[in-house]
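Chemist: Below is the sequence, then the predicted model.
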Amino acid sequence: MNVARGYRRFAIAVVGSWIATWAAIGAHAAWQQSVWSNVFISASRDRASVTELVLSNQKSQEYGELVGASMAWGALAIPMAIGFAVIWWVYRGFRGNDSR
């Protein structure tokens, strides 16, 4: 394995795992938000206690914020990929024109 192939694999592994991790967190948070939203809707239809309404609303908002946070953290994959490209560009620049 040469440097170029190893560096590409490393960059793909880092950026890919970053995207996969935050996508999984966001998907779980979206699922939980829908569950708690359904609890809130059914509790408001059944005229349940205020405590149940407040708790379900609070949990739904918390998971909604987590969805937004996971989207923001997941978007950092773009600057990471650009950073890997710049590092490779600098490495190639210092390496010179080797004909090997």
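Modeler: Sure, I can see it.
Chemist: Skipping adjacent residues, who's closest to the most centrally placed residue in the chain in space?
Modeler: With distances taken as CA atoms, centre = their mean, the residue of the chain nearest its centroid is Trp22 (2.4 Å). Nearest residue to Trp22, sequence neighbours excluded (CB to CB, 6 or more residues apart in numbering): Gly74, at 3.6 Å. Glycine gets a C-beta too; all of them are placed from N, C-alpha and C.
Chemist: pLDDT below threshold where in this structure?
Modeler: In the predicted model of the chain, residues 96-100 satisfy pLDDT under 70.
Chemist: Select the longest helix from it.
Modeler: For the chain, the helix with the greatest residue count under DSSP state H is helix 3-45.
Chemist: Could you list every helix and strand in contact with it?
Modeler: Under the contact criterion of 3 or more CB pairs under 8 Å, 6 or more residues apart in numbering; DSSP states H and E, helix 3-45 touches helix 50-75, helix 77-95.
Chemist: Make CSV from those and add mean neighbour count to it.
Modeler: As requested, the helices and strands packed on helix 3-45 are arranged in CSV below (neighbours: other CB atoms under 10 Å):
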stretch, mean neighbour count
helix 50-75, 15
helix 77-95, 12
